[in-house]
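Enquirer: I would like to see how this sequence folds:
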Amino acid sequence: MNSSIVGDTTSTTVAEVVALNPKMALGNSTAFDGDLDISPVTLSADWSRVARVLLFTSLAAVGSVGNVFMISAVMVEDQLKKRGNAFLVNVALADLLVTGLVIPASAIVILAGQEELLSTCRFEWTLEALCFLVTVLTLATIAAENYARLCLPAERYAALTPGKVTTVILVAWLIAAMAVGLQSSLDLGPDFCGGKFNGIAMEQAAGASILVGLPALITIFLYFRLVMRVRGATRGSFKQPITFAWDYELTKTNMYSFALFAVFWLPFGVAICVSSVRHVSVHVHYNLAWFALSKSCVNNLLYCVADRHFRSAYVKLFHYCCCKTTVSFSRRQRGDGGRASGDVKLRVHIIHSYASPASCRPTATRPNGRDVYEL
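Expert: Numbers count the residues shown, from 1 in each chain. Model (predicted):
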């Protein structure tokens, strides 16, 4: 099609117009007339500018504060100061990039009163794809760490040193960055900013299976196996140590977080897959994509509701930041001048000698005769 826009002395082809304005990119074979009034950056023009600005600023403010609280909670709460919880911080950091950069960028575009450029859309959705992959990989790592903490011998869990935790986190970001970079440079699969969802390249399908499908299946398998082992070991008269109960409560919260992630992102993934065989409105794609983005704003609230230690840390942080009161984040010393109770190292292992002798690890004993379970 050789249609062109003719000016006084120059002419601009449709392809050049598409390169400058992603909205006009919807005028391809996959878009219909009703799809031309929606943008991947600022959503539907049917909404008033005030409503969209309020929506974006609310999501950015609530999500950013919540993610900062979640990161800080791991640093200030004694029970959460465990090397494995660094993976939770990594998920919160990925969410913070979305709520602190992606969503505010859309609000700025609306406030400026300008049509968004293709570069703005590319920036937003490249960063979001990066954070999405990092979250998927980290959720699988969290499941593996939870399984090792509760069900494996102490010697094997001790192999997870702080240095290895840092390495795993950096590798997850590196893998995600390489995948997003290859997808962008090779221009594989659907063009989100251009509104083209009429096909998925074989390379992208294979990459999605490895980087998204496989980690998701590993996460489900590990959580299922963990729950089965815990239920099998806690039958009868077995009494759970308090530290194990706390760790298992956090593990269940991590399960809820994975389920929440699936609820928010699965509809968008299904729409992408369906669009390969039949037309799906661009309205549906963009609305589902923004619904998926909102997951970054509510995940931190889930931890506040479902886990007592995150909730306690949130309350302390709220009083410290908002009420201007002095809050102590460390436990008080014992009356005899001994070390704080939070300093006692505990080892939590669900398979005890009296529950399953064949697979348990021996418990350490203190001089006063108490059993100690070290983390």
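Enquirer: Would you mind checking the average pLDDT for the helix or strand where residue 164 lies?
Expert: Following DSSP states H and E, one finds residue 164 within helix 162-186. Regarding helix 162-186, the rounded mean pLDDT is 91.
Enquirer: After that helix, which helix or strand is next?
Expert: Assignment by DSSP H and E places the next element after helix 162-186 at helix 202-208.
Enquirer: helices and strands around that following helix, which ones?
Expert: helix 162-186 (3 or more Cβ pairs under 8 Å, 6 or more residues apart in numbering; DSSP states H and E). C-beta coordinates here come from the backbone N, C-alpha and C atoms, glycine included.
Enquirer: Counting neighbours, which bits of the helix it packs on end up buried?
Expert: 165, 168, 169, 172, 173, 176, 179, 180, 183 (16 or more other Cβ atoms under 10 Å).
Enquirer: possible to save these as TSV with distance to residue 282?
Expert: What follows is those, written out as TSV (distance: Cβ to Cβ, whole Å):
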residue	distance to residue 282
165	41
168	38
169	36
172	31
173	31
176	26
179	25
180	22
183	20
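Enquirer: so which of the residues you listed comes closest to residue 264?
Expert: residue 176 (18.1 Å; Cβ to Cβ).
Enquirer: quick one, what contacts the residue nearest to that closest one when sequence neighbours are not counted?
Expert: Spatial nearest neighbour of residue 176, chain neighbours left out: residue 133 (3.7 Å); criterion: Cβ to Cβ, 6 or more residues apart in numbering. Residues in contact with residue 133 (Cβ atoms under 8 Å, 6 or more residues apart in numbering) are 175, 176, 179, 180, 211, 212.
Enquirer: State the next helix or strand along the chain beyond the helix or strand that residue 133 is a member of.
Expert: Residue 133 belongs to helix 118-151 when assigned by DSSP H and E. Tracing the chain past helix 118-151, the next element assigned as helix or strand by DSSP H and E is helix 154-157.
Enquirer: re the thing from before, what is the orientation angle of the helix holding residue 133 with helix 162-186?
Expert: 150 degrees (axes from the mean of the first three to the mean of the last three Cα atoms, to 10 degrees).
Enquirer: in helix 118-151, what's buried?
Expert: Buried residues in helix 118-151 (16+ other Cβ under 10 Å): 118, 120-121, 123-151.
Enquirer: Any regions of this structure where pLDDT drops low?
Expert: Counting by pLDDT under 70, the chain has low-confidence residues at 1-37, 115-116, 188-190, 197-201, 203, 236-238, 323-375.
Enquirer: Just the helices from it, written as ranges.
Expert: Using DSSP state H, the helices assigned to the chain run over residues 14-20, 49-76, 86-97, 103-112, 118-151, 154-157, 162-186, 202-208, 214-233, 242-274, 282-293, 295-306, 308-321.
Enquirer: ranking the ones you listed by burial, who's on top?
Expert: helix 86-97 (a mean of 23; mean count of other Cβ atoms under 10 Å).
Enquirer: what's that helix packed up against?
Expert: For helix 86-97, the packing partners by 3+ Cβ pairs under 8 Å, 6+ apart are helix 49-76, helix 118-151, helix 162-186, helix 295-306.
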